[in-house]
Each structure stands twice: as structure tokens, then as C-alpha cells.
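[1] Quick one, what's the 3D model for this:
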Amino acid sequence: MKIQEVYVGMELPPLQTGPITRTTLALFAGASGDHQPTHIDIDAAKAKGRQDVIAHGMLTMAYLGRILLDWVPQERIQSYKARFIATTPVHAVATCRGRVIAIEDGLATVELSISLADGTTAVRAEAVVDIRDIRGLREAGHSSVSEVLSAAAGSDGRSTASSTSGSGANPPPLVIREQGSFAVGGSVLRHPGNYDPKRAGPEGQTLHGDHAFVTYQIPVDVHGHPLVFVHGNAQFSKTWQTTPDGREGFQNIFLRRGFATYLVDSPRRGAAGRSTQAATLTPTPEDQFWFDMFRVGTWPDYFPGVQFSRDPAILDQYFRQITPNTGPFDLNVVSDAVTALFDRIGPAVLVSHSQGGGVGWFTAMKSPHVRAIVSYEPGSNFPFPQDEVPAPLPSAAGPFGAVGVPMGEFMKLTGIPIIIFYGDYIPEQPTPNRGQDQWRVRLTMAKRWAEVMKSYGGDVTVVRLSDMGLHGNTHFPFSDLNNIEVADEMSKFLTAKGLD
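    Numbers count the residues shown, from 1 in each chain. Presented below is the predicted three-dimensional model:
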């Protein structure tokens, strides 16, 4: 780039670390010679009044340095100084940002910071960079410290795909063998009469609607079963794509792990908006309602330790992926369309979210090609045998009930493995907070359904991510700051069931 392409207020591409593991701290200690016990010895850290070990200050400073080195060669950095404001605990996810705050005589002053998932600013720094006649982005490798960090990030026992996918740390190019899109399912409305090309009336015309729209990508080194992703209420396929804070979502994470991905826009939603049923769309301010319902916090406060950035710009992106129905939600219409997708592509794993949970159950009862279901926070239409439907569960958000299906249909679900994941901030006891209480009863219903399924030989597991050591997850675990670790749990399931 040339000097005129750098301007005051310009933001450098942010970098987000994966969780800073004990392995990372041990490797950095060996590379740097900093063997202070508070960084590597839990007992020593607790003796100092800390809950656990903390990251080296120079390690966090090195993370910040990486966004500079991704921008310019090291010799362009004239000065770099940092102030440590708070400690960075082990397992923290650090978001590094930089912004040009001044330009004078060809030198750019860059303000840098590291923030943690709970909103704490851990480090503030400032660098002066020579930007005179910079004609291209940095092409040389990182400094030795950056190489140490890269090695540490990939040495925690996970596969290369797991440790790079979605980390924000310059993952390798994603090579796609094939990609495309198509519509499946749907119906055709026909108006009686004869079409007259000289008139604009509906007579004799048709309307193709109520289909699903599918976007797919197939990696070069594909293996395992394809993954079909079904979104939840007020969402569309964007749910599974780039996260609101710009990291890789489940689409890319699992492409990197070798899976073909099929992202569904359900009938009457998103890119599949042509409905055969009328609807009235009324602009209604409701962002704060969704903030509460999706368990980011209780507006305007974020939950402590939530795996969601406190950056207002990221919250803005989050709100902008909310989208309305263009017609009434119809479980059969949607599950018929998703069934048509399975008819087209054959055996695959269905990955659902929230309202999509009910779609998944009914699709699996309609299609023999559903080989397994991974459901994130299912919130609707748990199917019980007709004579075993439990009473609705009262909550601050209103009663939550299940549905009854014929025993023959129910038994189809017992033939496939199913895993259900729920995040954090779901209370054990009733609460007047409707955003939390509605998920209390949904989790309760999921557990009851799993018990009934198991009594008929089904393979259903309900998992609280916090029980797996993953804390702070919202209603969208797959796009939270720790989505790599969430994806790892899904990968373990696929491997255990022979689906990878």
C-alpha cells in the first residue's frame, strides 16, 4: 500500500486467539526463558491468590505484535510499548485490535489493545510504524516469537484443522472442489383462467414458492457424511457462516475438517422468501427482546463471562442477521423441503438449531437418509408417542408443550444417534427472567424426551456444555467466541458414531 492508503481511523484486521492453553504457556516459557511459577504452576498461582495460572505479559504483547506483523514487515516498526492493565487467565480468548490514531512525516501511530470475553481490557499498547512507500502487504514470515506462538497454538493435541479453523490467526487457504446453490421442495400455486400476455392479471399464472434454498460447498479432500445445517427462528443460513465478530463459523470450520456442507434457508425465510401464504411484515423494534431471548445477557447488561464480544459494532452485526418470516411458519412445509434435500444428496448428518430442532426430528421421521442429528438448543416440537405426551411446562415466557406422533413414526428416531447441546445461563429453578426461563423448560423437556427415547432403545444424549468445561455459551454456541471448542465436541460425536 502507499502512504495515501493509510488514514487516521483505519482499523487493522483484528486477530482473535484460540483459548490460551497450558500447553501454550509451557511452550512460551521454554522459548522465552520466563519460567515464573504463576504462569505454569497452579499451586504457585493459588498461593498468590489467583484461581489459576495466568498468561505471560510478553506473550500477550506478542499476540498484539502479530497484527502489526500481518500488516508491515518487522523492520517498519519503529517503536512498540505496552501497558498491562489486567491479567490474562489461562483458557482466555484474547481479541487483539489496532487503529491508526495519527500520521505525521510518514510515520503512523497505531493504538493497540487486547480485550477478553468478559469485556476486560488486558493490554493497551502503542506502536509507531514507518509507512513511507509501502507497496504491498507483508510477504515475509513472522518473527521468531510469532513462530513460537503458531507452534504453540497447534500443539495442544487437536488436529491442524481444529486448531486453525476459525481461530482468526490467518488460517490456510480453504480449497473448495465444488460449490453451488439450488432450491428443493416447495409447491406451485395456479390461478384459474388463461394467461393473457397483454394483461397483468393473475389469471392462468403460477407462483413457485415454499421451497428451501440450499447453498453447498464440497472440499477437495472430502470424507465422512455431508452435514446439513438448519437454522432457527428469526435466522437464516447466515447463522452458520461468518460469526458477528468476523471469525469462521461452522460452515468453514467443518469444511476445513473435510466435510461437505449444505446450508438451508428454510421456506418463507431468507433467500427462500417466496411464500404461498400471505403475511404482513410490520417494522417492530425488538432487538433488546432477542438479546434477552438469545441469552447474551439481560439488556443492557451482558452476562458475566459470556462468550460474546462487548464491542458495539459486533452487537450491531448480530442484530442485523435477524430476519422475519415472509409467511407463517409451517413445520410440515419446512420439514418436507429439508426431506427433499436429503432425497437429493443421500445419507447425511442433520445439524439443527433452536426452532430447527423440531424440523430435524420431523425430517428424520420422513427421510431414511438422516444418519444422525446434532441439535444445538432445540426449542420446539419434541415428538413423543401419542399416549405419552407430557403436560406443558409453565415458564415466565409462557407454557411450553410437546407434540404427539404415531408410535411407528416415533420409533424411526430410535434408530439414529442424536446429541443435543445446551449452553450456559439456564437456571435450575423458575425465574421471572423470561429470556432464561423459557430455556429452563426447553432443557427440561429435552431431558424428558431423551428418557422416553432411551426407554424404547433410542440413542440420545443431552449435554450441558458447561459440564464439558465450556462456559459462557449463549443460545448460539456455534458462533460464540469458543466455537472451535464447541465444534470439537461435535467432531468427537461424529467420530464416535463412525460418521467422519
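[2] can we go C-alpha only for contacts and neighbour counts from here?
    Will do.
[3] what number of residues lie near residue 72?
    Number of residues near residue 72 (other C-alpha atoms under 10 Å) recorded here: 21.
[4] what pLDDT does it get?
    In this model, residue 72 is scored at 90, pLDDT.
[5] And the helices in this structure?
    Counting by DSSP state H, one finds helices in the chain at the ranges 22-32, 37-40, 42-47, 57-69, 144-153, 160-164, 250-256, 287-293, 312-319, 331-345, 356-366, 407-413, 434-455, 483-496.
[6] helices or strands up against the longest one?
    Here helix 434-455 touches helix 287-293, strand 383-385, strand 459-464, going by 3 or more C-alpha pairs under 8 Å, 6 or more residues apart in numbering; DSSP states H and E.
[7] JSON lines for the helices of the chain, including mean neighbour count, distance to residue 84 and mean pLDDT?
    Below are the helices of the chain laid out as JSON lines (neighbours: other C-alpha atoms under 10 Å; distance: least, C-alpha to C-alpha, whole Å; pLDDT from 0 to 100):
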{"stretch": "helix 22-32", "mean neighbour count": "18", "distance to residue 84": "17", "mean pLDDT": "88"}
{"stretch": "helix 37-40", "mean neighbour count": "19", "distance to residue 84": "15", "mean pLDDT": "90"}
{"stretch": "helix 42-47", "mean neighbour count": "15", "distance to residue 84": "18", "mean pLDDT": "88"}
{"stretch": "helix 57-69", "mean neighbour count": "21", "distance to residue 84": "7", "mean pLDDT": "92"}
{"stretch": "helix 144-153", "mean neighbour count": "17", "distance to residue 84": "19", "mean pLDDT": "42"}
{"stretch": "helix 160-164", "mean neighbour count": "20", "distance to residue 84": "27", "mean pLDDT": "36"}
{"stretch": "helix 250-256", "mean neighbour count": "25", "distance to residue 84": "33", "mean pLDDT": "96"}
{"stretch": "helix 287-293", "mean neighbour count": "18", "distance to residue 84": "32", "mean pLDDT": "98"}
{"stretch": "helix 312-319", "mean neighbour count": "14", "distance to residue 84": "23", "mean pLDDT": "96"}
{"stretch": "helix 331-345", "mean neighbour count": "21", "distance to residue 84": "51", "mean pLDDT": "99"}
{"stretch": "helix 356-366", "mean neighbour count": "26", "distance to residue 84": "44", "mean pLDDT": "99"}
{"stretch": "helix 407-413", "mean neighbour count": "17", "distance to residue 84": "54", "mean pLDDT": "99"}
{"stretch": "helix 434-455", "mean neighbour count": "20", "distance to residue 84": "36", "mean pLDDT": "99"}
{"stretch": "helix 483-496", "mean neighbour count": "18", "distance to residue 84": "27", "mean pLDDT": "96"}
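[8] Mind putting those helices into JSON lines with distance to residue 193?
    Shown next, in JSON lines, are those (distance: least, C-alpha to C-alpha, whole Å):
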{"stretch": "helix 22-32", "distance to residue 193": "72"}
{"stretch": "helix 37-40", "distance to residue 193": "79"}
{"stretch": "helix 42-47", "distance to residue 193": "80"}
{"stretch": "helix 57-69", "distance to residue 193": "65"}
{"stretch": "helix 144-153", "distance to residue 193": "67"}
{"stretch": "helix 160-164", "distance to residue 193": "58"}
{"stretch": "helix 250-256", "distance to residue 193": "46"}
{"stretch": "helix 287-293", "distance to residue 193": "45"}
{"stretch": "helix 312-319", "distance to residue 193": "44"}
{"stretch": "helix 331-345", "distance to residue 193": "27"}
{"stretch": "helix 356-366", "distance to residue 193": "36"}
{"stretch": "helix 407-413", "distance to residue 193": "41"}
{"stretch": "helix 434-455", "distance to residue 193": "49"}
{"stretch": "helix 483-496", "distance to residue 193": "53"}
